[in-house]
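Novice: Generate coordinates for the sequence data below:
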Amino acid sequence: MRIQRQREAELGRWKQKEIIKKQASKLRDEEIERLSKAWLSSTESYEALTPREFENAVSEIFRKLGYKVKQTPFSRDVGKDAIAVKDGKKYVIECKKYAPNNRIGRREIQILLAAMQDEKGDGGLYVTTGSFTKDAIEYARKRRIELYDRIRLPVLVHQAYPVRMDFSQAKVMCAECGSTSILPIDDKPTKGFCTNGHPITNEIVKTDMKIFSTAEFPYCECGAPMRIVRGYRRNFWGCSRFPGCRETKPFDR
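Specialist: Predicted coordinates for the structure are as follows:
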């Protein structure tokens with residue numbers, strides 16, 4: 001009977017640890033998504049994005065501002081990175097992740113105008129981390145094209161994210177007792193102790209704070225990029241706008 005009780009106790013501890021393990025994994029995914037959104041509330045973060053991530057982040061800005069955005073394929077987009085609709089009007093979005101001293105001229109605006117005409121759009125939105133030439137600004141002003149450069153981009157970011165959120169700390173669940181603690185985020189995993197004195201590690205690092213990965217990923221029917229979701233039996237692609245959108249796709253890798 002004593003051996004049986006010991007086995008039952010061990011089995012109970014094992015089951016409890018499995019439950020905690022799943023909860024800890026879920027909490028980590030939730031924290032990465034929360035921190036990624038908080039990270040995008042800082043204008044400086046956009047300087048660290050790749051061109052593709054910049055396109056995704058700008059599309060997310062306009063979604064925050066009430067637009068329904070559908071992104072185009074990353075390559076061969078012919079002057080349009082996304083199509084946005086709001087209040088019955090269609091807008092063509094073009095994004096360029098450039099160095100601060102890189103200037104966009106009239107020709108690039110003409111390409112966007114051609115894409116607007118092709119899509120029968122009501123207006124254009126050109127967003128860049130660089131700047132525009134005077135000729136480009138004058139040309140855009142007369143053709144229903146709104147320009148956002150490195151000076152106006154912070155205004156756009158602030159409209160989408162009125163409150164700048166903290167992304168310096170993350171919640172971590174203890175693998176032993178299941179309690180949650182807060183640990184700082186750094187370039188490498190940080191260590192500490194839970195409220196019950198058990199050693200814990202925050203595996204979330206600064207490079208994780210990007211909801212948009214540089215890896216290839218599919219797009220949802222709503223136009224948002226999809227992310228890998230760890231399911232009970234298998235992984236699958238889930239819309240990054242969940243729970244607003246519950247679209248899923250099979251993960252075949």
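Novice: check contacts around Cys194.
Specialist: By C-beta atoms under 8 Å, 6 or more residues apart in numbering, Cys194 lies in contact with Cys174, Glu176, Cys177, Ser179, Thr180, Ser181, Ile200. Glycine gets a C-beta too; all of them are placed from N, C-alpha and C.
Novice: Try it again at 7 Å.
Specialist: Counting by C-beta atoms under 7 Å, 6 or more residues apart in numbering, Cys194 touches Cys174, Cys177, Ser179, Ser181, Ile200.
Novice: Save those residues as JSON lines, and put in distance to Gly244 too.
Specialist: Converted to JSON lines, the contacts of Cys194 look like this (distance: C-beta to C-beta, whole Å):
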{"residue": "Cys174", "distance to Gly244": "31"}
{"residue": "Cys177", "distance to Gly244": "34"}
{"residue": "Ser179", "distance to Gly244": "31"}
{"residue": "Ser181", "distance to Gly244": "30"}
{"residue": "Ile200", "distance to Gly244": "32"}
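Novice: List just the nearest of these to Pro162.
Specialist: Distances from these to Pro162 were compared by C-beta to C-beta; the smallest belongs to Ser181, at 29.2 Å.
Novice: tell me which element the closest one falls in.
Specialist: Counting by DSSP states H and E, the secondary-structure element that holds Ser181 is strand 180-184.
Novice: strand partners of that strand, parallel vs antiparallel please.
Specialist: According to DSSP bridges, strand 180-184 has the following sheet partners: strand 169-173 (antiparallel).
Novice: And the strand it pairs with, what's buried?
Specialist: Within strand 169-173, the residues that count as buried by 16 or more other C-beta atoms under 10 Å are Gln169, Ala170, Lys171, Val172, Met173.
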